[in-house]
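Asks: Here is a sequence with its predicted model. Questions after.
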Amino acid sequence: MIITPKTLLQNIPKINPNYAKVLEKLGLLTVEELLLYFPFRYDDFSKTVALDEKYLGQVVTIEGRVAKAKVNRIFRRRLTITEVVIQDKNNLPLKAAWFNQPYLKELMPEGTELRLSGKLEKKGKYFVMTGPAWEKASRDATNTGRLVPVYRETRGLTSKWLRWQIKPLLDQLGHPMSKLMIDPIPRETLEKLNLPPMENALRYIHFPATVNQYLLARKRFAFQEMFLVQLKSLQIKKEWENNNSVRIKFDEDLIKKFVSDLPFKLTNAQRKASFEILKDLEKSRPMNRLLNGDVGSGKTVVAAIAALQAINTGYQAAIMAPTEVLARQHFENFNKLFKNYNLKIALLTNSYKLLGDKGEGRPSLLKMIGSGEIDLLIGTHAIIQKDVKFKNLVLVIIDEQHRFGVAQRALLQQETMDIQDGIKSIPHLLTMTATPIPRTLAIAFSGSLDISILDEMPKDRKKIVTQVIPPENRQSIYNFVRSEISSGRQVFVIFPLIEESKILTEIKAATIEHKKLSDIFPEFSIGLLHGRLPAQGRSASGGKLSKEQVMNDFKSGKYDILVSTSVVEVGIDIPNAAVMIIEDAERFGLSQLHQFRGRVGRGEHQSYCYLFTGSSSETATKRLQSLEETNDGFEIAQKDLELRGPGQFFGTIQSGLPDIAMENLTNVKLIKFSQMEAKDLLAKDPELKKHPATREALLKFSQKIHLE
Ligand code: ADP
Ligand code: MG
């Protein structure tokens, strides 16, 4: 049988159907996919020596001949020990022992030449190895005597088995399999960057002769993935830019006036971001820009500048927020910001229906949107429902964009409009997120998306005092909470939900936490917020409260303390809340803790954040202490990226990156190189006509991942 990279593993006679099934579960169907299943580490068995006391305690490889083999059974402990004595070339004896593998004895009859790798010890006159890796010395070194690849194993699939399958595939006589594998990286690029071609890289990564070889191979595959990410990003951007948008001329007088009427001075970061956006709006290709700034960095006013410019030119703008509470908050804010302008601002949420409003409100509002009478529409998902039709929507602003799916965003972008001569335009798009994206990640994705960063907080913002609190100091914090509430402040308490716990439902856990606090603070009224409450609506009949109702009650001062599970995003401003307590803080990532902390310090009061921890581990405490030191979300995000990898940021940008690319998202150099090479290639060969291997790999890659 001739095996090629596309051969199905289940058709290979050497692979027994049971194994084929396990491989399938791992998503490995073809030879090619198996060869791209990389080891995650290596055992270094490369030191082959003759027996000598100077190697005691080291991991070494010994070759020798079997002198004696026996199986001892210890019935009491249901244990078998296979004990094999081998004689090395200096005629010194080595005793190797394996537990519960009695069949080994038959595989190692007297006189067999073996190669053993493991930690060398000595007991009495014998050198000893316990459970060493082994193979016959006549075999090519695969499991011993070299850098041995270790793969992620699942039930029924061992690294040893994988090695035995992969090695011969790579070595296939006459048809070196690895040579048949397509190489998505153009030769010129490989040569320029000194990276090994596919056929060598595959050997290096599975069976490296030296540490340098696998480092080189990993570098190559990291580049490959990042190169594909960048190619894809650039293609998305190009596709996006093939659309038309209305050019919105920058009216300097208008914006200057608006800015000078603000009760505060813009930060430099706000100025720069606004300018970038206004420049984008002047172009006939649609803007696709992410405004990224910490909670409280002042994104709203930047969005307002963009909206004002668009509306003032006679067009409509829309703002979409993920929850009704946030939409309402925007509605109030924009009414204030635009109070001196004669603009029609409307709020559209689903509660029209929930409130049982059958009639008047909604249809007449829809009519006003359709006729262009409404200048600025603010709302939730409700604004992308089918019956909402704009007259001339030119700017869409999406707050907390990660909370919306790609499809939902695409819907707003379908609001097309004829500009002239049958040319259609789509709205410019501004998305906003309060999750600071680390610099390196931002660079990695700058191919498909433009990013403006608000990395400067408005002046005279009070620093939130943050402290890690060990169990023995809780009481003093509770006392402090009492005095804060007595002087009129309110308090948040957030606790983690342990997802694995099936016994405790979220409601139960929340109720227990609520009870606990009620016992500590019997004198205060305590509200409870958890993910199982309905999103909105209020029931007058004393039925179930909604999240919105609880938030509003807290805002209006009905509760002194609000207990909330971490699954609820409390996005609303409560200027009077000055203390935030986070239980089991060590369970959260730094960025997430920083997000929670951003819920206080929204008013004029000095605010406090207490990170309660039950852990006395020094590393955990140290990690948390970095929050005591800085309030800078970008700095914290970068630290978090280094500590916990990029996965947690993916809600905000995209998901599903391959492992190697993920590991390398902190590698700025790699990202920059791959971006440059991708740009170069597309400039020379935009359709990749001359690079079919790259084109094919990109197609396959696109099916696996989603870049937004
Ligand atoms: P976010 O980025 O979290 O959306 P907001 O836009 O809600 O932040 O701004 C938070 C608060 O800071 C608001 O009360 C806003 O009026 C105020 N603010 C915004 N920019 C400035 C500034 N340059 N100086 C002082 N206060 C500002
Ligand atoms: Mg905001």
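Replies: Structure's in. What do you need? Ligands and ions are numbered 1, 2, ... in the order given.
Asks: Residue 277: neighbour count?
Replies: The local packing of residue 277 (other C-beta atoms under 10 Å) involves 24 other residues. The way it works is simple: take the backbone N, C-alpha and C, and place the C-beta from them, glycine included.
Asks: was I right about residue 163 contacting residue 143?
Replies: Yes. Applying C-beta atoms under 8 Å as the test, residue 163 and residue 143 come out as touching, 6.1 Å apart.
Asks: Count the residues that sit near residue 432.
Replies: Neighbourhood size, residue 432 [other C-beta under 10 Å]: 22.
Asks: pretty sure it contacts residue 303?
Replies: Yes. Counting by C-beta under 8 Å, residue 303 is a contact partner of residue 432 at 6.6 Å.
Asks: between these two, what contacts are shared?
Replies: Counting by C-beta atoms under 8 Å, 6 or more residues apart in numbering, the contacts common to residue 432 and residue 303 are 291, 397, 399.
Asks: of all these, which comes closest to residue 10?
Replies: Comparing those against residue 10 with C-beta to C-beta places residue 399 closest, at 49.4 Å.
Asks: Show me what that closest one is bridged to.
Replies: residue 432 (DSSP bridges).
Asks: And residue 424, by the same measure?
Replies: With DSSP bridges as the rule, residue 424 is bridged to residue 418.
Asks: so it touches residue 242, yeah?
Replies: No. With contacts counted by C-beta under 8 Å, residue 424 stays clear of residue 242, the gap being 11.6 Å.
Asks: Convert the C-alpha atoms of stretch 239-246 to PDB, please.
Replies: In PDB, the C-alpha atoms belonging to stretch 239-246 read as follows (Å, rounded to 0.1, in the frame of the first residue of the first chain):
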ATOM      1  CA  GLU A 239     -12.500  42.300   1.900                       C
ATOM      2  CA  TRP A 240     -13.900  44.800   4.400                       C
ATOM      3  CA  GLU A 241     -12.300  47.600   2.600                       C
ATOM      4  CA  ASN A 242     -13.900  46.600  -0.600                       C
ATOM      5  CA  ASN A 243     -17.100  48.100   0.800                       C
ATOM      6  CA  ASN A 244     -18.000  51.700   0.500                       C
ATOM      7  CA  SER A 245     -19.000  54.100   3.200                       C
ATOM      8  CA  VAL A 246     -20.200  57.600   3.300                       C
END
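Asks: elements contacting the top strand by length along the chain?
Replies: Secondary structure of the chain per DSSP state E: the longest strand is strand 59-74. In this structure, strand 59-74 makes packing contacts with strand 79-88, strand 93-99, helix 104-107, strand 113-119, judged by 3 or more C-beta pairs under 8 Å, 6 or more residues apart in numbering; DSSP states H and E.
Asks: The longest one: partners in the sheet, and parallel or antiparallel?
Replies: For strand 79-88, the paired strands and their directions (DSSP bridges) read strand 59-74 (antiparallel), strand 93-99 (antiparallel).
Asks: Report whether residue 183 is found in a helix, as I expect.
Replies: No. Using DSSP: H, G, I helix; E, B strand; the rest coil, the assignment for residue 183 is coil, not a helix.
Asks: Quick one: residues contacting it.
Replies: By C-beta under 8 Å, 6+ apart, the contact set of residue 183 is 190, 197, 198, 199, 693.
Asks: Roughly how far does it sit from residue 270?
Replies: Distance, residue 183 to residue 270, by C-beta to C-beta, to the nearest Å: 47 Å.
Asks: follow-up on the earlier one: check the contacts of residue 183 and tell me the two furthest apart.
Replies: Every pair of the contacts of residue 183 checked by C-beta to C-beta; the farthest is 199 and 693, at 12.9 Å.
Asks: near ligand 1, which residues of the stretch 151-300 of the chain?
Replies: Contact residues, the stretch 151-300 of the chain versus ligand 1 (C-beta under 6 Å from any ligand atom): 264, 265, 266, 267, 270, 293, 295, 296, 297, 298, 299, 300.
Asks: among those residues, which ones are buried?
Replies: 266, 267, 270, 293, 295, 296, 297, 298, 299, 300 (16 or more other C-beta atoms under 10 Å).
Asks: export the residues you listed to a markdown table and tack on secondary structure and pLDDT?
Replies: Converted to a markdown table, these look like this (DSSP: H, G, I helix; E, B strand; the rest coil; pLDDT from 0 to 100):
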| residue | secondary structure | pLDDT |
| --- | --- | --- |
| 266 | coil | 96 |
| 267 | coil | 96 |
| 270 | helix | 97 |
| 293 | strand | 90 |
| 295 | coil | 82 |
| 296 | coil | 84 |
| 297 | coil | 90 |
| 298 | coil | 93 |
| 299 | helix | 95 |
| 300 | helix | 95 |
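Asks: The closest residue to ligand 1 within the stretch 451-600 of the chain: what secondary structure?
Replies: Proximity of the stretch 451-600 of the chain to ligand 1 (C-beta to the nearest ligand atom) peaks at residue 458, 3.1 Å away. Assigned by three-state DSSP, the conformation of residue 458 is coil.
Asks: so who does it touch?
Replies: Neighbouring residues of residue 458 by C-beta under 8 Å, 6+ apart: 264, 267, 296, 297, 298.
Asks: From residue 577, how far out is the residue nearest to the first one when sequence neighbours are not counted?
Replies: Leaving out its chain neighbours, the residue that sits closest to residue 264 by C-beta to C-beta, 6 or more residues apart in numbering is residue 458, at 6.5 Å. Separation of residue 458 from residue 577 (C-beta to C-beta) stands at 19 Å.
Asks: Buried residues in the longest helix along the chain, which are they?
Replies: The longest helix of the chain (DSSP state H) is helix 211-241. For helix 211-241, burial by neighbour count (16+ other C-beta under 10 Å) applies to 213-214, 216-237, 240.
Asks: Show me what it is packed up against.
Replies: By 3+ C-beta pairs under 8 Å, 6+ apart, helix 211-241 packs against helix 187-193, helix 198-206, helix 439-445, helix 659-663, helix 668-684, helix 692-704.
Asks: Could you export stretch 555-573 as PDB, CA atoms only?
Replies: What follows is stretch 555-573, C-alpha atoms only, in PDB (Å, rounded to 0.1, in the frame of the first residue of the first chain):
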ATOM      1  CA  LYS A 555     -28.500  52.200  42.900                       C
ATOM      2  CA  SER A 556     -31.400  53.800  44.600                       C
ATOM      3  CA  GLY A 557     -30.000  52.800  48.000                       C
ATOM      4  CA  LYS A 558     -32.400  50.100  49.000                       C
ATOM      5  CA  TYR A 559     -29.500  47.800  49.800                       C
ATOM      6  CA  ASP A 560     -26.300  48.700  51.800                       C
ATOM      7  CA  ILE A 561     -24.500  45.600  50.400                       C
ATOM      8  CA  LEU A 562     -24.900  43.800  47.100                       C
ATOM      9  CA  VAL A 563     -23.700  40.200  47.000                       C
ATOM     10  CA  SER A 564     -23.100  39.000  43.400                       C
ATOM     11  CA  THR A 565     -21.700  35.900  41.700                       C
ATOM     12  CA  SER A 566     -18.800  36.500  39.400                       C
ATOM     13  CA  VAL A 567     -20.900  35.400  36.400                       C
ATOM     14  CA  VAL A 568     -22.900  38.600  36.600                       C
ATOM     15  CA  GLU A 569     -21.300  41.600  35.000                       C
ATOM     16  CA  VAL A 570     -22.200  44.600  36.900                       C
ATOM     17  CA  GLY A 571     -21.700  47.100  34.300                       C
ATOM     18  CA  ILE A 572     -23.700  49.900  35.800                       C
ATOM     19  CA  ASP A 573     -22.300  53.000  37.500                       C
END
